[in-house]
Structure formats: structure tokens, C-alpha cells
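[1] Only the shape, not the letters, is given here:
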């Protein structure tokens, strides 16, 4: 049975989000077990594996859906015309559900309870500012590359950015509401307590909006429709509200 384009895009976002969370939580658990007495080394291991895994996932699923795996990126792409309303309506649930599945898979792989609600409190002004800054930087990077005609570099740029942001941001750069929610399901190295999520999510949305504004100012002559985020994909499924969606190639550049 051949799936519709929108269904294939939703499946790609589901699988990519599940894979990303599995990489983040799984590498955190492995790091704790392999380096139990060195938190710095645990963070390094977690960061390197996450960055490498993110590049691989974007390359694998990006040609179908754009490789968002992040509601903030999807909303930003909608603003720039790269996806339509129907895609937003299916991408974000697919990302959230995929993230939850990824958390369960990571827990079970390491013989932990399928769901263990995290007790790791991550709150405070510094951490909230960190999430706004990290999300701002991520959005500027992605859409700056896209609107600047350097889309082929996006998977590698995003992977490098997230790896670095684990270290320069005080919050270890969640920068993704889907990740916030998924990581509440694992009381391990990468977890976050549910009570800490609302402020993380709010500041990520604020940082994402600021990033969109910065890109619009920095690249005023770029086409209104994004070429593809994070890599060129199959384009929009609708033109709701008069948005001029620009179809793009299936092949990754």
C-alpha cells in the first residue's frame, strides 16, 4: 500500500523524533554506566553521540519531511512558507508521539522501567535564558543556511551546533519542546522533571520567535517560501490562507 505524501511525511517525523530521543536518552544512560565517576565525561559522551545521531537522522528522513523533529522548527518553517497548515497539524503530534516512543525504547533497551518520571529539577533564570538563546541560535542557523542557499550544510551544521550547545549553554540546550516532554519519561542522566517543562517550553517559543525575526531581517531578499528545512523535501500539501508554498525537490542536496 502506497501512503500519501502527508502520511509519509508524518511517518518520517515520527521515526526521526523517536530516533532522536532514543539517541539522547540512550547515550545518557550509557554514559552514566561507562563513566560513573566523571560527570564531565558523561556530558561529553552524551553530546558527541547526540550530534552524530542527529546528523544521521536528518540525512535519513530529511528528504521526506525536511527533518524537523522539533515543533519550533516546524512553526518557523510555516511562517516562511516551507510547510502548510495541514503539515503543521500532523508534524507536531507525530513529533511528540515519536519522542515518547523513543524514551520508552531507550529505557527498555537498558533494562529500566518503560516509563520512569524524571525527578531532575531544571529551573532558574539562567537555565531559562539558556533555552531562549539556544533555540534562537538553532532557528537562525537552520533558516540562515536555507535562505542563504547553503541547505546541503544543514544536517552537519545542526549536528555541530547541538554538540557545542551541550557545553556552552547552562541548560545543555534542549531547544526543542518535543525533547522537553519526552525526557520527562526517563529518570536518568538526560531527564527533566515535568514541573520544569512549562518554562523551558515558553522560553523556547520566545527564542524561536526571535530567531524568525532575525532571519527575516538578515535575509530580506530571500524567497518567502523556504527551500526545505532541514533539507530539501517534498514541499507543502496545501496553500491555506493564500500562502505561496514552493514545491521543492525530493532529493537531498
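    That came through fine. These figures come from a predicted structure and were not determined experimentally.

[2] Please tell me how far residue 88 sits from residue 190.
    In this view, residue 88 and residue 190 are 27 Å apart by Cβ to Cβ, to the nearest Å. Every residue, glycine included, has its C-beta placed from N, CA and C.

[3] what are the ranges of the helices in the stretch 151-253 of the chain?
    Counting by DSSP state H, counting those that start in this stretch, the stretch 151-253 of the chain has helices at residues 154-168, 177-183, 197-218.

[4] Dihedrals phi and psi, residue 219?
    phi -120, psi 60 (degrees, to the nearest 10).

[5] My read is that it contacts residue 140, right?
    No: using Cβ atoms under 8 Å as the test, residue 219 is too far from residue 140 to be in contact (10.1 Å).

[6] Of those two, which one has the most company?
    Legend: neighbour count by other Cβ atoms under 10 Å for residue 219 and residue 140, higher for residue 140 (21 against 16).

[7] For the more buried one, which residues are in contact?
    By Cβ atoms under 8 Å, 6 or more residues apart in numbering, the contact list for residue 140 reads 211, 214-215, 218.

[8] I'd like the helices of the stretch 151-253 of the chain as JSON lines, with distance to residue 70, mean neighbour count and mean pLDDT appended.
    Output for the helices of the stretch 151-253 of the chain, formatted as JSON lines (distance: least, Cβ to Cβ, whole Å; neighbours: other Cβ atoms under 10 Å; pLDDT from 0 to 100):
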{"stretch": "helix 154-168", "distance to residue 70": "10", "mean neighbour count": "19", "mean pLDDT": "97"}
{"stretch": "helix 177-183", "distance to residue 70": "6", "mean neighbour count": "27", "mean pLDDT": "98"}
{"stretch": "helix 197-218", "distance to residue 70": "9", "mean neighbour count": "19", "mean pLDDT": "97"}
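
[9] and residue 148, which of those is closest to it?
    Using Cβ to Cβ as the measure, helix 197-218 is the one of these that comes nearest residue 148, at 8.8 Å.

[10] Show me what that closest one is packed up against.
    helix 71-80, helix 125-147, helix 177-183 (3 or more Cβ pairs under 8 Å, 6 or more residues apart in numbering; DSSP states H and E).

[11] could you check the angle helix 71-80 makes with that helix?
    30 degrees (axes from the mean of the first three to the mean of the last three Cα atoms, to 10 degrees).

[12] Distance from the chain centre to helix 197-218, please.
    With Cα atoms, centre = their mean, to the nearest Å as the basis, helix 197-218 stands 13 Å off its chain's centre.

[13] which outside residues touch it?
    In contact with helix 197-218 (Cβ under 8 Å, 6+ apart) are residues 72-73, 75-76, 79-80, 122-123, 127-129, 131-140, 143-144, 147, 171, 174-177, 180-181, 184, 192.

[14] what comes up buried for the helix or strand encompassing residue 59?
    Secondary structure assigned from DSSP states H and E places residue 59 in helix 39-65. Going by neighbour count (16 or more other Cβ atoms under 10 Å), the buried part of helix 39-65 is 42-47, 49-51, 53-55, 57-65.

[15] what packs against that helix?
    helix 5-34, helix 154-168.

[16] to the chain's geometric centre, what's the distance from the shortest one?
    Taking the mean of its C-alpha atoms, helix 154-168 sits 11 Å from the chain's own mean (Cα atoms, centre = their mean).
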